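Asker: prediction below, plus the sequence it came from.
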Amino acid sequence: MNSPQYKDTAKMSTFTSTISVRAVLIVLILCLSACKSPTVEEASPAYSLAQGCFAVKGESDQYLIATDSSYIFSTSTIEESEKFFFKPTRLGSFLLYDRDGNYVAEDFLRITKLSEASERTEWKINHLDIKQNNIIVDTQYTLISPRHDLRFQVISGEPKLRNTERGTLNHDRTTISLVRQSDELCTTFPEASLDAIVAEEFYQEKNPGEPIVGYADVHTHIGFPKAMGGAAMAGEIFHPYGIEHALHDCAELHGKNGGLDFLESQHGGGAGGHETAGYPDFTYWPHQSTNTHTQAYYRWIQRAYLGGLRVAVTLATGNPTFCQLLGIMQLGYTDGGCSGVDSVKLQTDYLYELQDYIDAQEGGPGKGWFRIVTSPAQAREVIAKNKLAVILGVEHGTLFDCVESNPRCDEAYVDQKLDEIYDMGIRSVFPIHRFDNAFGGTKPAGGSGGSWMHLTGKLASSKVTKLIDLINPRGLLFEPIEGHYWDMEACPEGVNGTTGIQSMKEFVADDFSIFSDAAASLPVVGPIVNAGFNAIFLDKLKPLPDYAHLDHGAPACNQRALQPIGKHLLNRMADKGMLIEIDHLSYPTLMDTIDLLEERQYSGFVSSHSWLETSGDIRSRLLALGGILAPMNSTPSTAAERLIKHKEEMKNYGFATGLPFGSDLQGVTSQTSGDSNVDISYPFTSIDGMVTFTQPKTGNRSFDFAEEGIAHYGLYPEWMENFKQVAAQSEEDVMDTLMNSAEAYVQMWERAEASESAP
């Protein structure tokens, strides 16, 4: 029967059957889609693994364990797995350091074990996003060996390495799980201890609009290991493979028993050589008076920062002639060249690499405590976040390679080079260092040390760009080298000038004889070589001035004044709001510079380590402009006396009374010591009470501030503790004057920035 009711029921049945089929199909489609293999996608670097302890697990729930010579995956439990300390080498890359002090290493397509860190033990580690239907359902890790661009994979349960071309990402093979473990289960990677306990309150952010509390060191040379072609200073500020590489035995550079350490022997230390052992024993270095060994390993800088350092100015430096002499003694080794332009770039790049390395240790970009700043506003922001504001500068004798014999050094060239270093982040510049250049004259030093600079100044002002030109028939072998010595005359009455200017005849006959004696001592050919040395070099230095016309007990002054191109440089620096370093200027150059500063009413200048003529009204003229006149650091008692005088002096001017100091760290000079009766009792706390310090120790060597002074930069908390004792006995509030020094420096910089392009 085909009743209407039956027809409707049949239609409904057919409709229901259709819906059911569609539902089943949809369910099947969803099921098939859900059951598809997950996809993997390489994501961001895994910065946060820094300093962590982890077990390594493959996708099949097998753990990496150590064998005698390698590592394998095993079905062992996590308790039985190997535990690895993840030590960053650079941003996003790590060493995997096991409990026996070995490293997971690349052996081309296999995994092996090595006992020493190298490029084979470095692993770039990225996050690996695991996706289902383009939705991230999990995040794991992938490891790559940068040496041959090989990816760590698990193949048939074995750790293997394969190329990183597209298409090699495979969920089963590529995905690595890192299971966090308690720190005590790992062997900690070797590192210099901070010997400091930091309270959580230390890291609480402050208001950047509030005054800065902390001290400023306005003259350091953190990048000096890269100065002079890397041929002068042993040790590094950091090394991707750790302290064992950064502070290794210095014999590689200074020769057996330190016999090739020319620079140290010429500045009063290490005469006749020295012991060379570095980390962990440090039998000779670092020490207070070393000129050629690192005193600023990054953990030592960090300890100083924990002790109250808030602003550090660090200056690229160098001496082209010394660089070339050292290169000859090192059989031609110079890293990056000896020119002023090359040297400044090499050292500045090194400091940015240091910043990145510290960021890596702290867990990623921007997270480190060492921050290079390019404006006073940045400095305030960084310090408010309880980090160290680092200002880049230049103190190089041949700034921009502008020696008198360089015809390119015109206004357009100077503008170009100034723009280049500004773009590099450099903000503080010495126009002149230890010898005359195209910009003006230097303030000489007396004695043998001054004569070494006198000699290199003669060469720097000559046609000699490379010492090898002296034996080149197409170079200067048969030509005079030209150049000039200092034009020394008696100073105007009341000017301090320089005493003890040495006769260059006596210097060449006595101090410089190290080279002629070495040549003469060669077997058989010695006399011939010595005669050649005289002809191609010593004779070209003549006529040698003896300054017999000077009264050697009276002050003498270099007569070279600020040159027109020097005036142009200073004006362009002021236009940019850069900081002009006025130490090392000859008396006439200084007077011309002060006239220019007064004409522009420019505050942006610094005397950062006492190398300044301050006779008569010079000091009052400079302080009235608002610049910083910082002394070289000294014992805490001497520093306190200076701070008292400075505070009284600043009552005449409307500027902040904070007074920084310049340590000249790694500047071929000795560091200061404590007071003779200093008693440092451990533990002691920092000035702000946020950090508790114990006796500093690196490797097997403990450092005693009372006996050694500032053997390395990490002993500045002890200097501050000594200063705290002195301040407690003073009737004046010298502590506030010191701890206001970072604020005073930043205020000076703000005034300079505010007066940019002033007429």
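Answerer: That came through fine.

Asker: how about the nearest residue to residue 341, chain neighbours excluded?
Answerer: Spatial nearest neighbour of residue 341, excluding adjacent residues (C-beta to C-beta, 6 or more residues apart in numbering): residue 401 at 5.4 Å. Where you see a C-beta, it was placed from the backbone N, CA and C, and this is true even at glycine.

Asker: correction: the previous question concerned residue 282.
Answerer: Per C-beta to C-beta, 6+ apart, closest to residue 282 is residue 701, 4.4 Å.

Asker: surely the one you found and residue 277 touch.
Answerer: No: contact status for residue 701 versus residue 277: not in contact, 9.9 Å apart, counting by C-beta atoms under 8 Å.

Asker: on that earlier part again, which residues does the residue nearest to residue 282 contact?
Answerer: If you count contacts by C-beta atoms under 8 Å, 6 or more residues apart in numbering, residue 701 has them with 280, 281, 282.

Asker: go ahead and build a ChimeraX selection from the buried members of those residues.
Answerer: A single ChimeraX command is used to select the members of the contacts of residue 701 judged buried by 16 or more other C-beta atoms under 10 Å:
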select :282
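
Asker: looking at the contacts of residue 701, which are in helices?
Answerer: For these, not one is inside helices, with DSSP state H as the criterion.

Asker: where does pLDDT dip in the chain?
Answerer: By pLDDT under 70, the low-scoring segments of the chain are 1-36, 166-168, 266-271, 329-336, 513-535, 756-759.

Asker: now do the domain split for it, please.
Answerer: 39-185, 215-351+373-385+395-442+560-754, 447-558 (automatic domain parsing).

Asker: got a markdown table for those, with distance to residue 192 too?
Answerer: Listed next are those as a markdown table, based on distance: least, C-beta to C-beta, whole Å:
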| stretch | distance to residue 192 |
| --- | --- |
| domain 39-185 | 13 |
| domain 215-351+373-385+395-442+560-754 | 4 |
| domain 447-558 | 32 |
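
Asker: closest to residue 362 out of those?
Answerer: domain 39-185 (6.8 Å; C-beta to C-beta).

Asker: before we move on, the earlier item: adding distance to residue 394, write the contacts of residue 701 out as TSV.
Answerer: Formatted as TSV, the contacts of residue 701 follow (distance: C-beta to C-beta, whole Å):
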residue	distance to residue 394
280	35
281	36
282	31
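
Asker: what is the nearest of the contacts of residue 701 to residue 617?
Answerer: Nearest member of these to residue 617, counting by C-beta to C-beta, is residue 282, at 48.4 Å.

Asker: now that closest one: how far from residue 194?
Answerer: Using C-beta to C-beta, to the nearest Å, we find residue 282 at a distance of 17 Å from residue 194.

Asker: likewise residue 57?
Answerer: Taken as C-beta to C-beta, the span from residue 57 to residue 194 is 33 Å.

Asker: from residue 308, how far off is the spatially closest residue to residue 201 that is not a sequence neighbour?
Answerer: In this structure, residue 201 finds its nearest non-sequential neighbour in residue 690, 5.8 Å apart by C-beta to C-beta, 6+ apart. Separation of residue 690 from residue 308 (C-beta to C-beta) stands at 10 Å.

Asker: and those two? Which one has more around it.
Answerer: The neighbour comparison of residue 690 against residue 308 (other C-beta atoms under 10 Å) goes to residue 308, with 22 against 18.

Asker: was I right about that one contacting residue 687?
Answerer: Yes: when contacts are counted by C-beta under 8 Å, residue 308 is listed as touching residue 687 (5.2 Å).

Asker: mind listing the shared neighbours of these two?
Answerer: 720, 739.

Asker: quick one: contacts for residue 145?
Answerer: Residue 145 touches 106, 120, 122, 123, 124, 151, 152, 161, counting by C-beta under 8 Å, 6+ apart.

Asker: residue 180: which of those is nearest?
Answerer: residue 123 (17.4 Å).

Asker: how far off centre is the helix or strand that contains that closest one?
Answerer: Using DSSP states H and E, residue 123 sits within strand 122-132. Remark: strand 122-132 is offset 31 Å from the chain centroid, using C-alpha atoms, centre = their mean, to the nearest Å.

Asker: quick check: residue 631 touching residue 661?
Answerer: Yes: contact status for residue 631 versus residue 661: in contact at 5.8 Å, counting by C-beta under 8 Å.

Asker: overlap in contacts of these two?
Answerer: By C-beta under 8 Å, 6+ apart, the residues touching both residue 631 and residue 661 are residue 639.

Asker: compare those two (neighbour count), which wins?
Answerer: A count of neighbours by other C-beta under 10 Å puts residue 661 above the other of residue 631 and residue 661, at 24 against 19.

Asker: burial of residue 248, as a residue count?
Answerer: Using other C-beta under 10 Å, residue 248 has 18 other residues around it.

Asker: for the one 5 residues further on, same thing?
Answerer: For residue 253, the tally of surrounding residues (other C-beta under 10 Å) stands at 23.

Asker: could you grab the helix/strand/coil label for it?
Answerer: Of the three states, residue 253 takes helix under DSSP: H, G, I helix; E, B strand; the rest coil.

Asker: that one reaches residue 236, doesn't it?
Answerer: No: checked against C-beta under 8 Å, the pair residue 253 and residue 236 is beyond contact range at 11.1 Å.

Asker: where along the stretch 451-600 of the chain do the strands fall?
Answerer: Taking DSSP state E, counting those that start in this stretch as the criterion, the stretch 451-600 of the chain carries its strands at 488-490, 556-558, 579-581.

Asker: show me what the second one is packed up against.
Answerer: In other words, strand 556-558. Applying 3 or more C-beta pairs under 8 Å, 6 or more residues apart in numbering; DSSP states H and E, one finds that strand 556-558 contacts strand 488-490, helix 587-600.

Asker: go again with 6 Å.
Answerer: Here strand 556-558 touches no other helix or strand, going by 3 or more C-beta pairs under 6 Å, 6 or more residues apart in numbering; DSSP states H and E.

Asker: now that strand, how far from the chain's geometric center?
Answerer: On C-alpha atoms, centre = their mean, the centre of strand 556-558 falls 35 Å from the chain's centre.

Asker: what's the answer for stretch 640-658, then?
Answerer: 31 Å.

Asker: in that stretch, what counts as buried?
Answerer: Result for stretch 640-658 [16+ other C-beta under 10 Å]: buried residues 640, 641, 642, 643, 644, 646, 647, 650, 655, 656, 657, 658.

Asker: just to revisit the earlier point, got phi/psi on the residue nearest to residue 282?
Answerer: In terms of degrees, to the nearest 10, the main-chain angles of residue 701 are phi -110, psi 130.

Asker: what's across from it in the sheet?
Answerer: Beta-bridge pairing of residue 701 under DSSP bridges involves residue 698.

Asker: tell me how far it lies from residue 569.
Answerer: Relative to residue 569, and taking C-beta to C-beta, residue 701 is found at 45 Å.

Asker: what's the answer for residue 452, then?
Answerer: From residue 452 to residue 569 the distance is 26 Å (C-beta to C-beta).

Asker: give me the more crowded residue out of those two.
Answerer: Counted by other C-beta under 10 Å, residue 452 and residue 569 do not tie: residue 569 has more neighbours, with 28 against 22.
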